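how does the following fold in three dimensions:
(2 chains)
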Amino acid sequence: MDRVSPRAQLEAQTTEGIGKLIGLRVVAVLTLAAGTWYVTWRWVWSVNWHNWWIAVPLVVAETYSLVDGYLFAITIWRMKRRGDPPPPPEDATADVLITTYNEPVDLVMTTARAALAIDFPHQTYILDDGNRPEMRAAAEAAGVGYLTRGREWEGHARHAKAGNLNNALFQTYGEFILILDADQIPKRQILDRTLGWFRDPDMALVQTPQWFSNVTDSDPLGSQAPLFYGPIQQGKDGWNAAFFCGSNAVIRREALMRLGIQEYVAEVDAAVRTALRTSGRILDRARRQIRKVDPSAASAVADVRRGVETALRRLDAGEPVADVTYDVQETVRAASREVVSDDLAGIRRDLADIGVDLAEDVGFETDPETGIPLAQDEILDELTTRDFSPLGALEAVGRIMRSVDVTRGEEAQPVMPMATVSVTEDMATCMRLHAAGWKSAFYHEILATGLAPEDLGTMLKQRLRWAQGTLQVLLKESPLTKKGLKSGQRLMYFATMWSYLAGFAALAFLLAPVFYLLFDALPVHAWGLTFLTFFTPYFLLNQLLFFIVGYGVKTWRGHQYSLALFPIWIKACVTAAANVWFGRDLGFIVTPKVREGGRQRFPFRLIWPQLTIMVVLVASVIVGVVKLWTGSALTVIGVGVNTAWVAYDVVVLSVIIEAALYRPPEPDQQAGTVPQEART
Amino acid sequence: MDIVSTGRGRMAVLSASGRLNMVAAPQLKKAVDEAVAGGHPRIVVDLSAVDFIDSSGLGALIGGLKSARQASGDLRISGAGEQVRTVLGLTNLDRILKPYADIEEASHGW
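Here you go, the predicted structure:
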């Protein structure tokens, strides 16, 4: 079986110089000019409004692709090739953290032994989120540190890998942290080749490529991502926006910890303000109700109301949150004592009410997915519209204020340096680092090799998770509006998120020829020469651009999958939106690193949308040709263009069948161990 | 880094000296936990002899604040020097932990 050596892949990729960059820019500008010319012609002169239901989706999809082209051109505009790294900073200390959840002990230990052998002085730790005795025994036998979650995590959101890393951050103390997934076997020189970039005191992160050793040359599952771990990351690096990809990266501990503390302060501050505003509304209502009946209680409530108002003003003036909340709580306590002597029966009734409704739930809860404290608007609204007695109102306010105390009681650790806002913690963390003014680097040398998923089902789950995570970040902390990012960085994050909307465009591209061939629904005014005059230059220049950017690396698979996985992209958009906007469950998936045993049948269930569309495409061409034969309305050039279009779609989509039929070669050793080549 | 712990009733004073960085942070967190477990949930961490603190050191202070508050106590800091105040400002942590001038001021009201 052929395997491309990492070295060969790398060298093919790093031969471009300044001349190539200039050439690239020229072709990029020409491509965009031709694309803009074409899409303008499409919108202004060629949309067949009579068939708007297919004409508009098609022209929107074409516009989407053009925007994608602009973002790609901006990405590669400043492609940054880093040469040899400087030597590591003197006295640098490093930890190697290997994250695992359920991977086989042998696989983790192979990585751990390679990590021990890294040249630069360091401490190695296995972060076992599965808390397995056999993993601990193996780690101890090999002399590797072993870390698991402590008792403080019981009953708290665990945040998967981000939580695992956050837990370990407080038990280790190296200045720099190399993060490795359980299957990513490092080379000895990995730290010596990356730490030098941290001579820049603002450098927070150095990412190296992910390269998979268990993938055949033809790579039917599209596992290698040479375009991403190459021109795209180099391009993002040029804008100081190289992405953190979760593994094979070195992070400066100080950057991560400072981020954790800043986020902690921001979240405590926000939760306290919401709590104060809610308390104000509860007190206003209580005061209105009792002003006439019980003037003395009304004045006690008014005191607390003023206290709340003062607290908000003091927060705005920058006074410490701890002092302000402490004083509010004191004011509430004092006022409660004043009111207590009044109507005892009413108080008991209220307390019973509160006991039922408020003991557990005071309007703030922890998002089970992300662990962020969330104001529950419905409960807070209900509290502010309830008829409380004076003491009931004060008690509710007291509980609300205690629930947002400065300790973030809902989290196992008050400080969470790795962002927990998304299932792809790496991208969210990286964006926050950039927003805080830190730098990142992409260093293009393969310094660790890992294992890619070996079956279609696992691969699809992984892609879905990446897409969902990326879209979660887009919807929760949009890079277009996030404070602190430079405009180039905004565009680099947005470009990646934009690319995940491709599923909707794919639908239009796939269905337009079907509607034409089957139902004579013409989306454009003319298929004739005019169309070809506008379209051909754009198409050819686009191909040329990708050819230059991806020279020497295989970009065809990536290209195929961006269309062929359209059902996954659509599903990711729908589920991520439902999660962020309506709090629906995303269904977290740990990507298995070893394939499940047994004979696999053809996975119709996983790829029925693609198979269906392929059948429909082929059938449409047959119908179209028959129609032409029998002299129906279709034109020769129309059928010709659409047949070529369908042929292209079918060839691109066919990768999914290849992937479904793919069976990885049996490894030499037992299932789950690493192929020999990967150890070199 | 050295930490000297002195208990006074429900209160304890932890006097730290030297560099409160990523290496020393677990030590500080442990000292706070021990003081809380020993019946002194009101803690003043005196930083007057600390000449360098990093974000890991601040992380240990926040972790200590949590332990103390969970035991109905509190954690306050005193005697922060120039560098410590700069880092507190940089991370906005001075929005949560107020740097008191000395141990007396920090423990006022206890």
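
interface residues of the stretch 151-300 of chain A facing chain B?
A:170-171, A:173-175, A:253-254, A:257-258, A:260-262, A:264-266, A:268-269 (Cβ under 8 Å from any Cβ of the partner chain). Where you see a C-beta, it was placed from the backbone N, CA and C, and this is true even at glycine.

sort out for me which of the residues you listed are in helices.
A:253-254, A:257-258, A:260-262, A:264-266, A:268-269 (DSSP state H).

got a PyMOL select line for the buried ones in those?
Of those, the buried ones go into a single PyMOL selection, burial set by 16 or more other Cβ atoms under 10 Å in any protein chain shown:
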select buried, chain A and resi 253+254+257+258+260+261+262+264+265+268+269
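
show me which helix runs longest in chain B.
The residue-count maximum for a helix in chain B (DSSP H) belongs to helix B:55-70.

quick one, the helix or strand just after that helix and helix B:55-70 angle?
As assigned by DSSP states H and E, the chain's next helix or strand after helix B:55-70 is strand B:74-78. Interaxial angle, strand B:74-78 versus helix B:55-70 (axes from the mean of the first three to the mean of the last three Cα atoms, to 10 degrees): 140 degrees.

adjacent strands (with direction) for strand B:74-78?
Partner strands and pairing direction for strand B:74-78 (DSSP bridges) are strand B:42-53 (parallel), strand B:99-100 (parallel).

helix or strand right after the shortest one?
I take that to be strand B:99-100. helix B:103-106.

who does that following helix touch, helix- and strand-wise?
Contact here means 3 or more Cβ pairs under 8 Å, 6 or more residues apart in numbering or on different chains; DSSP states H and E; on that basis helix B:103-106 packs against strand B:42-53, strand B:74-78.

please save the CA atoms from the longest one in PDB.
It stands for strand B:42-53. The C-alpha trace of strand B:42-53 is given here as PDB (Å, rounded to 0.1, in the frame of the first residue of the first chain):
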ATOM      1  CA  ARG B  42     -11.500  34.200  56.700                       C
ATOM      2  CA  ILE B  43      -8.300  34.600  54.900                       C
ATOM      3  CA  VAL B  44      -6.000  37.500  54.200                       C
ATOM      4  CA  VAL B  45      -3.300  36.700  51.700                       C
ATOM      5  CA  ASP B  46      -0.500  39.300  52.300                       C
ATOM      6  CA  LEU B  47       1.400  40.000  49.200                       C
ATOM      7  CA  SER B  48       3.700  42.700  50.500                       C
ATOM      8  CA  ALA B  49       6.800  40.400  50.100                       C
ATOM      9  CA  VAL B  50       5.700  39.100  46.600                       C
ATOM     10  CA  ASP B  51       7.700  40.700  43.900                       C
ATOM     11  CA  PHE B  52       6.200  38.900  40.900                       C
ATOM     12  CA  ILE B  53       2.800  37.400  40.200                       C
END
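
got the buried residues for that strand?
Buried residues in strand B:42-53 (16+ other Cβ under 10 Å): B:42-48, B:50, B:53.

and the residues you listed, which is closest to A:V47?
Set against A:V47, the nearest of these by Cβ to Cβ is B:I53 (63.6 Å).

so who does that closest one touch?
Neighbouring residues of B:I53 by Cβ atoms under 8 Å, 6 or more residues apart in numbering or on different chains: B:19-21, B:47, B:83-84, B:87.

for those residues, which one is nearest A:H50?
B:V87 (67.2 Å).

who's in contact with that closest one?
B:53-55, B:58, B:93.

could you do B:S17 as well?
Applying Cβ under 8 Å, 6+ apart, the residues contacting B:S17 are B:1-3, B:49-50.

what do you get if the cut-off is 7 Å, keeping everything else the same?
For B:S17, the contacting residues are B:1-2, B:49-50, by Cβ atoms under 7 Å, 6 or more residues apart in numbering or on different chains.

how much space between A:T575 and A:K486?
Plainly put, A:T575 is 31 Å away from A:K486 if you go by Cβ to Cβ, to the nearest Å.

tell me which of the two has more neighbours.
Taking A:T575 and A:K486 together and counting by other Cβ atoms under 10 Å in any protein chain shown, A:T575 has the greater number of neighbours (19 against 14).

shouldn't the more buried one be in contact with A:F582?
No: contact criterion Cβ atoms under 7 Å: A:T575 and A:F582 do not qualify, at 10.6 Å.

element containing A:F547, please.
Per DSSP H and E: helix A:529-549 holds A:F547.

neighbouring contacts of that helix?
Counting by Cβ under 7 Å, 6+ apart, A:23-24, A:27-28, A:30-31, A:34-35, A:37-38, A:41, A:69, A:76, A:231, A:524, A:555 sit against helix A:529-549.

now for the closest residue to chain B within the stretch 101-250 of chain A: which residues touch it?
Nearest to chain B in the stretch 101-250 of chain A, going by Cβ to the nearest Cβ, is A:Y173, at a distance of 4.4 Å. A:Y173 is in contact with B:22-23, counting by Cβ under 7 Å, 6+ apart.

how close does it sit to A:P603?
47 Å.

do the same with B:V50
61 Å.

name the nearest residue to the residue in the stretch 151-300 of chain A positioned nearest to chain B, ignoring sequence neighbours.
Closest to chain B within the stretch 151-300 of chain A is A:M257: 3.5 Å, counting by Cβ to the nearest Cβ. In this structure, A:M257 finds its nearest non-sequential neighbour in B:S55, 3.5 Å apart by Cβ to Cβ, 6 or more residues apart in numbering or on different chains.

quick one: contacts for that neighbour?
B:S55 makes contact with A:254, A:257-258, A:261, B:91, according to Cβ under 7 Å, 6+ apart.

try 6 Å this time
By Cβ atoms under 6 Å, 6 or more residues apart in numbering or on different chains, the contact list for B:S55 reads A:254, A:257-258, A:261.

please apply the same query to A:P295.
By Cβ under 6 Å, 6+ apart, the contact set of A:P295 is empty.

pLDDT score for it?
We have a pLDDT of 74 for A:P295.

could you do A:G363 as well?
56.

got it, and the one 5 residues further on?
pLDDT, the model's per-residue confidence, is 38 for A:P368.

which residue ranges of chain A form strands?
A:94-100, A:123-128, A:145-147, A:176-181, A:185-186, A:203-207, A:211-212, A:249-252, A:364-366, A:373-375, A:439-442, A:448-450 (DSSP state E).

give me the number of residues near the closest residue to A:Q560 other than its chain neighbours?
Take A:Q560 and drop its neighbours on the chain: the residue closest to it by Cβ to Cβ, 6+ apart is A:V655, 4.1 Å away. A:V655 is flanked by 22 other residues according to other Cβ under 10 Å.
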